[in-house]
Structures are given as structure tokens and as C-alpha cells.
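A.B. asks: Okay, predicted coordinates and the sequence, questions at the end:
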Amino acid sequence: LSRTYDAIVVGAGIVGTACAWELARSGMRVLVVDRGPAGGGATAAGMGHLVVMDDSEAQFALTFYSRRLWHELGDALPADVEFQRCGTLWIAADEDEMAEVARKAAFARQRGVRVEALDSRAVAEAEPNLRPGMAGALRVPDDVVIYPPCAARYFLERARSHGAESMLNTPVRALRPEGGVVLADGTAIEARFGVNAGGSWSPELTPGLPVRPRKGHLIITDRYPGFARHQLVELGYLKSAHSVASDSVAFNLQPRKTGQMLLGSSRQFDALDDRVEMGMLDRMIRRAQEYVPGIADLNIIRCWTGHRAATPDKLPLIGPSLTSERIWQATGHEGLGITTCLGTARLLADTMLGRATQIDHEPYLPGRFAAGAAHDG
Ligand SMILES: Cc1cc2nc3c(=O)[nH]c(=O)nc-3n(C[C@H](O)[C@H](O)[C@H](O)COP(=O)(O)OP(=O)(O)OC[C@H]3O[C@@H](n4cnc5c(N)ncnc54)[C@H](O)[C@@H]3O)c2cc1C
């Protein structure tokens, strides 16, 4: 190992490895440290849907920018990343939800996103396994599905090709206010910057950080190629995913390149363990049957859980901490860290190196939580 670094990134999930690649590519001497493997954590648990979202202008800007960066990588990605341009279908079950299709379509078109509104017949043709009688859908053809853990491993390889080093299976005790880290065994490693890419564990490294774990369940089936052709998401998802008060479940079905169907998902605060809860699985399957009744006949082969790193305003934390210019955050990506890792990495590197950013970075600065939040202990 080199004795000192320009930046030490703690966390080799998809966000940390994307940041490491971007910093190393920019000429910095980079070290990545993780207590586990690369692409473990939420990255191994997540769904891998690269999706443009429109909850807020800032969320839209980061997801749209990041999806463009993913498309630029596209064919250069190794086969095990399973980059599939299958698109998203936002499904409207009734006329109220068709109004939401119209709103989303107008929002997207005004901002240059390709979308297509489907009526009842067109949605049935697009997805024959949907329950007959759906009101319609919004098709977003350029949304993508990938397999996230292999993407994180690829990003780490790319970072290494630019001279980055890594220490896996090595827990970090603290980020030093003067830069660098202290490992759990007491070893201090110096650097100009330390980057907290610890995902839902990031508050352990930066006490007081406004990040809370939000548990999610997933179910994967045996292989049924063609059962779904797009990533299918209910528009009711918008109502339930945004409820921060209670546990929620929404229909979200993803076709994998293997032909397997990946069914999501649930959202729970205050559920810190990774136990699979039969009650949540039951709710997810019942909800899915309301959209694709045939799902009841598919064999489930595995269920698991993961934790999203949620912030109060549903935007990630990207930039310097409040108490030390040497500690940077790249965390708090909730359910969108796979989508937004590349945009996050660009914003982090551009701001750290004093370069112009391609989208406004202010909405994601950790300093927005200054009032009342005791960052960095
Ligand atoms: C059920 C579910 C479905 C999802 N679906 C999607 C989706 O479809 N699309 C999408 O865009 N996003 C999705 N997400 C969100 C996405 O998975 C996360 O936002 C993303 O993986 C976060 O990546 P990360 O690198 O920040 O965190 P992680 O992948 O959790 O990585 C953090 C790393 O930090 C390491 N670490 C933490 N503390 C320390 C320490 N003290 N010392 C050393 N190492 C440490 C951990 O070991 C871990 O490897 C989903 C999440 C869940 C749970």
C-alpha cells in the first residue's frame, strides 16, 4: 500500500466504487476500504432498476443525469452486469391513475425524457400477463435493468486500472477530521480526504448524519422467460413508497436476463434486523396478484432483505461535511443508489476538484441539514 492517499473511500458498494473510479480517473491516488466484499451491502440486495424519477426537480435532475451516464457505459459493461434496455411501465389501475400518467408524461416531455402513454388495449398487448381491464400505463423505454453487485465489482476494477488500491474485509473505526481513516485495529491511514460511502451504516462513521435504514424485502422466482417484458411498477407505488409513517408494500416486478422474475418491494422504518418476515412477503404476493394473477403459479426460489439509506428529504448527501472539509459524504441514496451512483460520483469528483458540475449540486449538499443536525459528532 502507498503511505498516503488523496482520497480514502469507505464503502465498496455501488456508490463507493463509482466514486473511487471517478476520483482515480481524475488523477487522484485512491484507497477503497470495506469491511466486507465489493458490492455487498444494499448493492447486493437491491433491484437494479435504473429509473428516471420525478418526485422533485432535484431528484429528477440526478436520476436523468445518471441514467445518461449509464447509457454512455452501456455496451462497454461486462456481460455479468446484465444491462437490459427493457424500459419501465408505470401501470394505471383506474382513471385516477391515468391522470397521473398524463401528469408524468407532460413532466417528462418538457424535460426531454422519451415516454409513451398507453391505453387499456395497448397495455394489455405490451404485457399479456397483466390482469385484463387495466386503465393504461406510461412507458419509459430508456429505463434499464442491471445486476448491481457485478457493476460495483466492475467499477472497482476500473478504479484499480487507474491506480486505486483496495482493502476488503477491513472494518473502519473512524474518519479522521484531518483526512483519512482509522481502521478498527487502530491503524491510521492518512489522506487529504475521507469519503463516507457507508450506505445505511454511514451514521456509524458520521454520528448525527440524518440517514435512517429503511428495510425492504425481495422475492425471486425460477426462470419464466417473457412472463414480464418491462419493469412493471404500479402507480399506486407513488402513494405507498412515500408514506414515511408506516410500513408499505407496492407492486414492482422485474424481468431478469436469466428469465427469473424479481418481485418487490416493501418499505419499513424501525426494522433494523435482516430477518425475512412472512407477513411482508404475504402482502407483497397478494399485491402482485392484483396486477399479474398468474404470479401465483410461479415457483419462488429465494427471498431476502436489505436496508436503504433514507434521508428526510429523499435526496442523497453528496459533498463536504459540516464540521470538516476533509470528510465528504456520498450516502443517503434510499431506493435510488443504483440509478444515481454515476451522477453522484461525477458531482463528488467535480466539486472536490473545483471543476464545473453538469447539474446543480447544491440540492444534495450535506450542509442543507445544518440547522439542528449535529454532523460528525
Ligand atoms: C429492497 C431494495 C431494492 C432496491 N431497488 C433499487 C432499484 O431498483 N434501483 C435503485 O437505483 N436502487 C435500488 N435500491 C437502493 C440501492 O440498493 C442503494 O441505494 C445502493 O445499493 C446504495 O449503495 P451504497 O454503495 O451507498 O451502499 P451499500 O451497497 O450498502 O454499501 C455500503 C458499504 O459500506 C461498507 N461499510 C459501512 N460501514 C463500514 C465501516 N465502518 N467500515 C468498512 N466498511 C463499511 C459496507 O460493508 C458496505 O459494503 C434498493 C434497495 C433495496 C434495499
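C.D. replies: Now that the structure is in, tell me what you want to look at.
A.B. asks: wait, Gly133 sits on Ser120?
C.D. replies: Yes: using CB atoms under 8 Å, Gly133 makes contact with Ser120 at a distance of 7.1 Å. (Glycine included, C-beta is placed from N, CA and C.)
A.B. asks: Per-residue pLDDT of the residue nearest to Asp274 when sequence neighbours are not counted, please?
C.D. replies: In space, Asp274 comes closest to Thr305 once its chain neighbours are excluded; the distance is 4.9 Å by CB to CB, 6 or more residues apart in numbering. Listed pLDDT for Thr305 reads 98.
A.B. asks: hey, what's Thr305 bridged with?
C.D. replies: His217 (DSSP bridges).
A.B. asks: What about it, how many residues nearby?
C.D. replies: 18 (other CB atoms under 10 Å).
A.B. asks: dump the residue contacts of it.
C.D. replies: Applying CB atoms under 8 Å, 6 or more residues apart in numbering, we find Thr305 in contact with Ala45, Lys215, Gly216, His217, Leu218, Asp274, Arg275, Val276.
A.B. asks: try 6 Å this time
C.D. replies: Shown in contact with Thr305 (CB atoms under 6 Å, 6 or more residues apart in numbering): Lys215, His217, Asp274, Val276.
A.B. asks: distance of the third one from Ala296?
C.D. replies: Distance, Asp274 to Ala296, using CB to CB, to the nearest Å: 26 Å.
A.B. asks: now the first one
C.D. replies: When distance is defined by CB to CB, Lys215 is 25 Å away from Ala296.
A.B. asks: Mind checking which of the two has more residues around it?
C.D. replies: Taking neighbours as other CB under 10 Å, Lys215 and Ala296 compare with Lys215 leading, 23 against 10.
A.B. asks: my read: the more buried one touches Ala271, true?
C.D. replies: Yes: using CB atoms under 6 Å, Lys215 is in contact with Ala271, at 4.2 Å.
A.B. asks: Low-confidence regions, the protein specifically.
C.D. replies: 1-3, 237-245, 371-377 (pLDDT under 70).
A.B. asks: what do you get if the cut-off is 50, keeping everything else the same?
C.D. replies: Applying pLDDT under 50 to the chain flags residues 372-377.
A.B. asks: just the helices in it please.
C.D. replies: Along the chain, counting by DSSP state H, helices occupy 14-25, 41-45, 57-73, 95-110, 120-126, 148-161, 202-205, 236-241, 278-291, 337-352.
A.B. asks: Make a markdown table out of these and add distance to Gly180 and mean neighbour count.
C.D. replies: Shown next, in a markdown table, are these (distance: least, CB to CB, whole Å; neighbours: other CB atoms under 10 Å):
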| stretch | distance to Gly180 | mean neighbour count |
| --- | --- | --- |
| helix 14-25 | 14 | 29 |
| helix 41-45 | 22 | 23 |
| helix 57-73 | 28 | 19 |
| helix 95-110 | 43 | 15 |
| helix 120-126 | 52 | 15 |
| helix 148-161 | 18 | 22 |
| helix 202-205 | 12 | 20 |
| helix 236-241 | 38 | 18 |
| helix 278-291 | 41 | 16 |
| helix 337-352 | 15 | 26 |
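A.B. asks: I'd like those laid out as CSV, including distance to Ile327.
C.D. replies: Formatted as CSV, the helices of the chain follow (distance: least, CB to CB, whole Å):
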stretch, distance to Ile327
helix 14-25, 14
helix 41-45, 20
helix 57-73, 22
helix 95-110, 36
helix 120-126, 48
helix 148-161, 20
helix 202-205, 9
helix 236-241, 31
helix 278-291, 36
helix 337-352, 12
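A.B. asks: Ok, which of the ones you listed comes nearest Val51?
C.D. replies: Among the helices of the chain, the nearest to Val51 by CB to CB is helix 337-352 (5.7 Å).
A.B. asks: what about that closest one, distance to the chain center?
C.D. replies: Put simply, helix 337-352 sits 12 Å off its chain's centre (CA atoms, centre = their mean, to the nearest Å).
A.B. asks: and if you look at stretch 260-269?
C.D. replies: 13 Å.
A.B. asks: Just the C-alphas of that stretch, formatted as CSV.
C.D. replies: The C-alpha trace of stretch 260-269 is given here as CSV (Å, rounded to 0.1, in the frame of the first residue of the first chain):
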residue,chain,number,x,y,z
GLN,A,260,-36.3,-15.1,-13.5
MET,A,261,-38.8,-12.7,-12.1
LEU,A,262,-37.7,-10.4,-9.2
LEU,A,263,-40.6,-9.2,-7.1
GLY,A,264,-40.5,-6.1,-4.8
SER,A,265,-41.0,-4.5,-2.6
SER,A,266,-41.7,-3.4,0.9
ARG,A,267,-40.6,-0.3,2.9
GLN,A,268,-40.2,-0.3,6.7
PHE,A,269,-38.6,2.0,9.1
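A.B. asks: What residues sit buried inside that stretch?
C.D. replies: By 16 or more other CB atoms under 10 Å, the buried positions in stretch 260-269 come out as Gln260, Met261, Leu262, Leu263, Gly264, Ser265, Ser266, Arg267, Gln268.
A.B. asks: quick revisit: out of the helices of the chain, which comes closest to Phe83?
C.D. replies: Closest to Phe83 of the helices of the chain, according to CB to CB: helix 57-73, at 7.8 Å.
A.B. asks: Residues touching that closest one, excluding its own?
C.D. replies: Contacts for helix 57-73 (CB under 6 Å, 6+ apart): Leu50, Val52, Met53, Asp54, Leu315, Thr339, Thr340, Leu342, Gly343, Ile359, Pro363.
A.B. asks: for those, which one is nearest Phe227?
C.D. replies: Using CB to CB, the contacts of helix 57-73 come closest to Phe227 at Leu50, 20.8 Å.
A.B. asks: Thanks a lot, catch you later.
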